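J.: Let's see this in three dimensions:
(one chain, ligands or ions: 1)
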Amino acid sequence: MQVTVYNCREFDEKDLFLEYAKELGIELVLCADAPDLNNVLLCKGSRCADVITSKIDAELIQAFREQGIEYITTRTIGYDHIDLAAAKACGIKVGNAPYGPHGVADYTVMLILMSIRKMEAILNRTMIQDYTLAGLTGRELKDLTVGVIGTGRIGTAVISNLSGFRCRILAYDLFEKEEVKQYAEYVPLPQIWQEADVITLHTPLTEDNYHLIDESTIAQMKDGVVIINTARGALIDSDAFIEAIENGKIGAAGLDVVENEFGLYYYDHKSDILKNKELALLRSFPNVTVSHHMAFYTRNYVETVVKDSLMSCKCYMEGSENSWEIK
Ligand code: NAI
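T.: Numbering: from 1, shown residues only. Predicted structure coming up:
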């Protein structure tokens, strides 16, 4: 039973892969790079390939098939980087590895607290031994109304976390969930724009909600509103957002995702001239915390995706019930 693992990270995944593979009786071929037409030869002798978010297009899928791959598992929730139609056409099955919502939900609450307590500015000052207080007055969550947009797995976990802070919680989703109603009140979207002191986004990016936060929705919000985005960058129109930071309409923000982040995040660009002007501006504001799309990144996440991706390969190879397979 052999699995070829691509993009295997030395610093956090490799030891776990070796440990779990031993437990499960699987032999591994480990490759630090993304799969491509050159290194696809590493799949010879494996029935399963274990990948992350690099593009797995029809040509690569065909090459996988020629090496004997029957099953591709991705160590991610999303699988839009894999051409499912091409995989189906040549008889390759595909699986994913969903992980729990709590890492992102905890991170969201951290960004809310950092924003309302002006932590970005506080840390900037302590770095230069400026220990003054002026301008650093914070606010307490119990006095605020938080609007949660999207009450799926992560939004629901955020609401549950927030309930402990005794703030008022408003929620909006296309579908209402009973369990959310014990802590939050579902309201129409305009009411969130008008009444929330903090707005946090937890929907997927769709054609309908592209630039959900734009000039017109920002205009409806409270002065000094705090915006948190751990979902997808393009839910926010960066130009309108920057304008609103500059004129003070938006009081603070925590952004784990930004528009056009693809190709930037997870690489060392310190000597490069970057073309994302919006990111440069956002990073320059003392009331905006920017992180590089890592709200998910916890020990629990790494263990889950490594173990579950191997378990799903084992289930596939043994022909047993495989809950990770995308049907
Ligand atoms: P989910 O699928 O469990 O929940 C999404 C919710 O959004 C659903 O309840 C759905 O009805 C709702 N929704 C969809 N379109 C909507 C709209 N136009 N208006 C209002 N509600 C709408 O998804 P999950 O797992 O909670 O993920 C939420 C977001 O978090 C996604 O954008 C995902 O990509 C992002 N994410 C970010 C991570 C990070 O590290 N920053 C890691 C994992 C997910």
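J.: How much space separates the residue in the stretch 101-250 of the chain that the ligand sits nearest to from T73?
T.: Ranked by CB to the nearest ligand atom, the top residue of the stretch 101-250 of the chain for proximity to the ligand is G152, at 1.6 Å. All C-beta atoms are positioned from the backbone trio N, CA, C, and that covers glycine. Distance of G152 to T73, computed by CB to CB, to the nearest Å: 23 Å.
J.: the more surrounded of these two?
T.: T73 (29 against 15; other CB atoms under 10 Å).
J.: can I assume that one is in contact with A49?
T.: Yes: assessed by CB atoms under 8 Å, T73 is found in contact with A49 at 7.5 Å.
J.: Could you check the pLDDT of the residue lying farthest from the centre of the chain?
T.: Distance from the C-alpha centroid of the chain peaks at T132, with 35.3 Å (CA atoms, centre = their mean). Note on T132: pLDDT of 98.
J.: Equivalent analysis for the one 4 residues further on, please.
T.: At L136 the predicted local distance difference test score is 98.
J.: Does it belong to a helix, a strand or coil?
T.: coil (DSSP: H, G, I helix; E, B strand; the rest coil).
J.: number of nearby residues for it?
T.: Around L136 there are 12 other residues, counting by other CB under 10 Å.
J.: what do you get for A49?
T.: 28.
J.: can you give me the strands for the stretch 1-150 of the chain?
T.: 2-5, 27-30, 48-51, 71-74, 93-95, 145-149 (DSSP state E, counting those that start in this stretch).
J.: could I get those as CSV with distance to the ligand and mean pLDDT?
T.: Listed next are the strands of the stretch 1-150 of the chain as CSV, based on distance: least, CB to the nearest ligand atom, whole Å; pLDDT from 0 to 100:
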stretch, distance to the ligand, mean pLDDT
strand 2-5, 21, 98
strand 27-30, 25, 98
strand 48-51, 17, 98
strand 71-74, 14, 98
strand 93-95, 17, 97
strand 145-149, 6, 99
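J.: looking at the ones you listed, which is buried most?
T.: Per residue and on average, the most neighbours among the strands of the stretch 1-150 of the chain fall to strand 48-51, with a mean of 28 (mean count of other CB atoms under 10 Å).
J.: Quick one: list the elements packing against that one.
T.: Judged by 3 or more CB pairs under 8 Å, 6 or more residues apart in numbering; DSSP states H and E, the packing partners of strand 48-51 are strand 2-5, strand 71-74, helix 299-318.
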